[in-house]
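Student: No letters, just coordinates:
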């Protein structure tokens, strides 16, 4: 039996991979054994179709670009019909070093996945960050969870905890958390 959530990420420097570990640890405390993790460099994009719910992790690289593994797979995403899939995206960026494209990857991937039929969930407020522009923001909200490991790694644990509970609700996983009557 496959788990209901597939987490797909790409990482050049290891920061995103570290956050994946933290996210899994938080999820395991709330809703254990629901996530299967995949490095997008190691699997075909069709694997996204194996899950009812998706969590996508991608840092913004250089000046508003996708991480290289996601960039290499970007056009392949057009071959997928993601209708009926709920997708939550988290991205890493540097709001002070790159204030004009902070966490753009959230928006780049989010819009592509939505165009393929996915329902985006996991939006978070852009308040409390210091940046001038992001493709990942609509109406004052990120199209997922924005993290800044360069400048605010101390805020990541609380942001992850809040986001996990938000996803439990938006993925409608509450019924999986209730104990089964004997």
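Tutor: Ah, there it is. The structure displayed is predicted, hence computed values, not measured ones. Numbers count the residues shown, from 1 in each chain.

Student: In a helix, residue 169, correct?
Tutor: Yes: assessed by DSSP: H, G, I helix; E, B strand; the rest coil, residue 169 belongs to a helix.

Student: Quick one, grab the pLDDT at it.
Tutor: Looking at residue 169, its pLDDT stands at 95.

Student: again, but for residue 180
Tutor: pLDDT recorded at residue 180 is 44.

Student: Where does pLDDT dip in this protein?
Tutor: Along the chain, segments meeting pLDDT under 70 span 1-2, 176-182.

Student: Which stretches in this structure count as strands?
Tutor: Counting by DSSP state E, the chain has these strands, from start to end: 5-9, 35-39, 53-61, 65-66, 86-92, 119-121, 124-125, 137-138, 141-142, 145-147.

Student: export those to JSON lines and tack on mean neighbour count and distance to residue 76?
Tutor: Where you see a C-beta, it was placed from the backbone N, CA and C, and this is true even at glycine. Below are these laid out as JSON lines (neighbours: other Cβ atoms under 10 Å; distance: least, Cβ to Cβ, whole Å):
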{"stretch": "strand 5-9", "mean neighbour count": "23", "distance to residue 76": "12"}
{"stretch": "strand 35-39", "mean neighbour count": "17", "distance to residue 76": "14"}
{"stretch": "strand 53-61", "mean neighbour count": "25", "distance to residue 76": "14"}
{"stretch": "strand 65-66", "mean neighbour count": "18", "distance to residue 76": "13"}
{"stretch": "strand 86-92", "mean neighbour count": "27", "distance to residue 76": "16"}
{"stretch": "strand 119-121", "mean neighbour count": "18", "distance to residue 76": "19"}
{"stretch": "strand 124-125", "mean neighbour count": "16", "distance to residue 76": "27"}
{"stretch": "strand 137-138", "mean neighbour count": "18", "distance to residue 76": "25"}
{"stretch": "strand 141-142", "mean neighbour count": "20", "distance to residue 76": "25"}
{"stretch": "strand 145-147", "mean neighbour count": "28", "distance to residue 76": "24"}
